[in-house]
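>>> Using only what follows, build the 3D model:
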Amino acid sequence: MKNKSQSRRNFIKKSAAAVAGATLFPSIIPASALGRNGFTAPSDRIQMGLIGCGGMGRANMKNLLNLKNKQVELVALCDVDNKQIENAKKIITDIRGKYDAHAYRDFRDLLETTHLDAAILALPDHWHSIMATHVANKGIHIYGEKPLARTIKEGRAIVEAVDQNNIIWQTGSWQRSVANFHRAAELVQNGAIGKVNHVEVGLPDGKASIGTPPIQTPPESVDWDMWLGPAPKVPFRGVLHFHWRWIMDYSGGQLTDWAGHHIDIAHWGLGYDHKTPVEVEGKGVYPIEGIYDVPTAYDFTCTYDTGVTLRVANASAYPNRKGEGTDMQHKRWGMGTVWYGEKGWIHVSRKGLWASDQSILDTPASQIKTPIYQSNNHWQNFIDCIKSGKETITPARIAHNSISVGLLGEIAMLTNEKLKWDGKTEQFTNSSKANLLLSRPFRKPWQLQQ
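Prediction:
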């Protein structure tokens with residue numbers, strides 16, 4: 001066996017050196033391993049880790065691994081639930097034919113022992129800021145799930161960490177990389193419906209109460225204390241993957257979960273990526289008992305310094321938005337974003353794109369004087385920007401503005417006050433009670449990484 005191995009190595013060396021033998025070389029080493037035929041050579045691939053191996057994390061990992069030419073190498077997995085790690089391992093094996101990444105339960109161990117060029121962060125919202133600041137301070141590029149953060153001050157900390165470390169950040173607000181959303185925003189920005197005076201955003205309805213489940217022993221696969229992390233220490237009651245969204249210590253519910261989608265698109269169309277409201281007021285309906293405490297229904301309105309108003313509500317709050325009626329304007333689903341202008345309206349959602357008149361949608365390219373950022377693949381855009389140094393289509397600062405609208409609405413509903421907001425200082429100017437909700441305490445020893 002030794003002689004055969006030596007002979008094979010000699011053959012490879014000779015084949016690589018000799019022009020006459022060049023055609024034999026690919027039969028020994030795949031083109032993908034050499035960076036040929038459009039493939040990225042292993043040494044040039046983005047070394048990536050996945051922190052948070054749940055449904056969104058695995059979906060993002062799959063999208064990145066499936067990019068053409070093997071541009072990404074998944075080298076590390078991390079989750080507090082071993083079963084989630086096993087699920088992620090299976091996907092890697094299915095796509096690449098093998099699994100050779102390292103697995104961790106504590107992200108700090110991963111960051112100390114594994115070299116990463118980039119990381120996917122897909123965790124419950126209460127972990128976003130701590131995880132993001134730790135990873136950013138290692139100089140690692142980040143694909144971070146929306147919402148950017150659980151509070152406005154935590155979002156600001158992420159923006160500062162990204163800027164200070166000069167890293168690339170892509171938020172999981174992937175609708176900006178979808179054609180109908182891009183078309184809608186570009187039409188609105190270019191005056192297809194004239195000056196916009198009002199916007200409506202419809203998000204999913206909240207989750208009904210399940211009462212207070214009995215205390216249970218956490219699954220053996222889960223490190224419950226690590227899952228809680230900076231949140232208050234509480235006993236395990238069976239609420240874990242996905243359903244943490246209905247508990248305020250971990251999330252703001254459907255409102256904050258979806259703000260990074262449809263509110264983000266509303267801002268894009270208005271050209272308000274750098275603008276926040278000056279005033280907000282609204283009402284929420286909250287469960288009267290049980291462990292679920294985020295609003296089951298919500299409805300608030302923001303006013304901007306331009307006079308534009310933005311209403312955000314759960315979808316069923318909008319009448320005639322589920323197909324009733326004959327007027328085209330009313331044949332809309334509750335979800336999505338609608339801009340109302342002097343010349344008509346445009347509505348976009350994942351169901352499609354509509355306008356008050358077909359001629360609006362048929363606006364020719366010659367009338368698009370201000371083209372907007374275009375990305376045809378959200379995950380490819382992230383990789384391209386890592387390589388070029390260009391800003392992504394959904395950088396942290398834009399994500400911060402989008403989620404801030406949802407968080408301002410949440411605070412207005414909790415305080416039941418009409419609030420005035422200073423976007424420069426990121427403080428309310430008329431409510432000390434509301435200012436207390438701009439941040440939250442972390443359970444020791446967790447803190448933002450400075």
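
>>> Below-threshold pLDDT in the stretch 251-400 of the chain: ranges please.
In the predicted model, the stretch 251-400 of the chain carries pLDDT under 70 at residues 319-333.

>>> all strands for it, in order.
Listed in chain order, the strands of the stretch 251-400 of the chain (DSSP state E, counting those that start in this stretch) span residues 279-285, 297-303, 309-314, 336-341, 344-349, 352-355.

>>> just those strands: most buried one?
Each of the strands of the stretch 251-400 of the chain was assessed for mean neighbour count using mean count of other CB atoms under 10 Å. The highest is strand 336-341, with a mean of 25. (Each C-beta comes from the backbone N, C-alpha and C, glycine too.)

>>> For it, name the packing helices and strands.
Packing partners of strand 336-341 (3 or more CB pairs under 8 Å, 6 or more residues apart in numbering; DSSP states H and E): helix 179-189, strand 196-203, helix 264-270, strand 344-349.

>>> list the helices and strands the first one packs on?
It stands for helix 179-189. With contacts defined as 3+ CB pairs under 8 Å, 6+ apart, helix 179-189 has these neighbours: helix 264-270, strand 336-341, strand 344-349, strand 352-355, helix 358-361.

>>> Partner strands of the third one and their direction?
By that I understand strand 344-349. Strand pairing for strand 344-349, using DSSP bridges, gives strand 336-341 (antiparallel), strand 352-355 (antiparallel).

>>> okay if I get those strands as CSV plus distance to Val278?
What follows is these, written out as CSV (distance: least, CB to CB, whole Å):
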stretch, distance to Val278
strand 336-341, 19
strand 352-355, 29
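
>>> Can you lay out the strands of the stretch 251-400 of the chain as CSV showing distance to Lys70?
Converted to CSV, the strands of the stretch 251-400 of the chain look like this (distance: least, CB to CB, whole Å):
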stretch, distance to Lys70
strand 279-285, 47
strand 297-303, 44
strand 309-314, 41
strand 336-341, 36
strand 344-349, 34
strand 352-355, 34
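
>>> out of these, nearest to Thr93?
Nearest of the strands of the stretch 251-400 of the chain to Thr93, taken as CB to CB: strand 344-349 at 36.0 Å.

>>> Now do the closest one against helix 179-189: the angle between them, please.
Between strand 344-349 and helix 179-189, the angle comes out at 160 degrees (axes from the mean of the first three to the mean of the last three CA atoms, to 10 degrees).

>>> so strand 344-349 versus strand 196-203, what angle?
20 degrees.

>>> hmm, who's touching strand 344-349?
Strand 344-349 is contacted from outside by 180-181, 183-184, 187-188, 192-194, 202, 262, 265, 269, 329, 332-333, 335-339, 353-357, 360-361, using CB atoms under 8 Å, 6 or more residues apart in numbering.

>>> Select, out of the strands paired with strand 344-349, the one closest to Pro441.
Nearest to Pro441 among those is strand 336-341; the distance by CB to CB comes to 34.5 Å.

>>> who wins for proximity to Ala412 among the strands of the stretch 251-400 of the chain?
strand 279-285 (4.6 Å).

>>> What helices and strands are in contact with that closest one?
strand 297-303, helix 396-415, strand 419-422.

>>> quick one: it to chain centroid distance?
24 Å (CA atoms, centre = their mean, to the nearest Å).

>>> Please export the C-alpha coordinates of it as CSV.
Only the C-alpha atoms of strand 279-285 are listed here, as CSV (Å, rounded to 0.1, in the frame of the first residue of the first chain):
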residue,chain,number,x,y,z
GLU,A,279,-44.5,60.9,17.0
VAL,A,280,-46.2,57.6,17.7
GLU,A,281,-49.4,56.5,19.4
GLY,A,282,-51.5,53.3,19.4
LYS,A,283,-53.4,50.6,21.2
GLY,A,284,-52.6,46.9,21.8
VAL,A,285,-54.7,44.0,23.1
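
>>> when you compare where it runs with where strand 309-314 runs, what's the angle?
Relative orientation of strand 279-285 and strand 309-314, computed by the same axes, to 10 degrees: 20 degrees.

>>> Lys275 is in contact with Gly423, isn't it?
Yes: applying CB atoms under 8 Å, one finds Lys275 in contact with Gly423, separated by 7.1 Å.

>>> Quick one, grab the pLDDT at the residue lying closest to Thr217 once chain neighbours are set aside.
Leaving aside its chain neighbours, Thr217 sits nearest to Phe236 (7.0 Å; criterion: CB to CB, 6 or more residues apart in numbering). For Phe236, the pLDDT comes out at 98.
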